[in-house]
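Visitor: Provide a 3D model corresponding to the input given below.
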Amino acid sequence: MSFENIQLPPFLIQDLYKNFLIDDKTDVVLSDPLKNAELSTIGSNKKNILILLNEQRKSVIDKKDLVFLEGILKACNLTVEDIIVFNLKGIHESDYIFLAAEYQPVKVLLFGVEPADIKLPLHFPHNQIQQHNGQLYVSSPSLKTIASEKSLKQSLWGSLQKIFNLK
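Guide: Take a look at the predicted model:
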């Protein structure tokens, strides 16, 4: 059997290329809604840590929040190069499956993003570590909210110590 003569059934081809096929009924190119959006990010993702925000602006993160986030990262022995920050604002369809495929995270920190916002089939309280599909998730209030409340900082720090094995 030669690989040159393999024929796949149409349903399998459609499943393999579901984000790139042309719908013959409407003559519109079907694509993943996240792929069409401007995927603005900060960071190099060297340690496969995804940070999701839901900021009300076009930029990924404002300067004050970035300074606060850099402080959090430093306390966790991380830098912006180790993580990738992605703002969900303006994305109509946010999906943890796409985000996992795109960024390959081992750890996902949600700031101002609820698990349901990314269609994660779990519900868990803020700052509780949750595992799903081989990834660790921590959901917290927005960076602005955490920065203004000492008890939220302490609660987040407890989770970060566990997730990053800090003492």
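
Visitor: Tell me where the chain has strands.
Guide: In the chain, strands defined by DSSP state E lie at 22-23, 28-29, 41-42, 49-53, 83-87, 107-111, 129-132, 135-140, listed in chain order.

Visitor: mind checking which of those is nearest K63?
Guide: For K63, the closest of the strands of the chain is strand 41-42, at 11.6 Å, according to Cβ to Cβ. For the C-beta atoms, the positions are set from N, CA and C on the backbone; glycine is no exception.

Visitor: weakest of the strands of the chain by average pLDDT?
Guide: Mean pLDDT per stretch puts strand 28-29 lowest among the strands of the chain, at a mean of 36.

Visitor: Torsion angles phi and psi at N48?
Guide: When read as degrees, to the nearest 10, the backbone of N48 gives phi 50, psi 50.

Visitor: from memory I146 sits against W157, does it?
Guide: No - under the criterion of Cβ atoms under 8 Å, I146 lies out of contact with W157, with a separation of 9.8 Å.

Visitor: neighbour count winner among the two?
Guide: Higher neighbour count among I146 and W157: I146, with 25 against 16, using other Cβ atoms under 10 Å.

Visitor: dump the residue contacts of the more buried one.
Guide: Counting by Cβ atoms under 8 Å, 6 or more residues apart in numbering, I146 makes contact with F68, F111, S140, L152, K153, L156.

Visitor: what would the strands of the chain look like in JSON lines with mean neighbour count?
Guide: Shown next, in JSON lines, are these (neighbours: other Cβ atoms under 10 Å):
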{"stretch": "strand 22-23", "mean neighbour count": "10"}
{"stretch": "strand 28-29", "mean neighbour count": "10"}
{"stretch": "strand 41-42", "mean neighbour count": "18"}
{"stretch": "strand 49-53", "mean neighbour count": "24"}
{"stretch": "strand 83-87", "mean neighbour count": "24"}
{"stretch": "strand 107-111", "mean neighbour count": "24"}
{"stretch": "strand 129-132", "mean neighbour count": "14"}
{"stretch": "strand 135-140", "mean neighbour count": "21"}
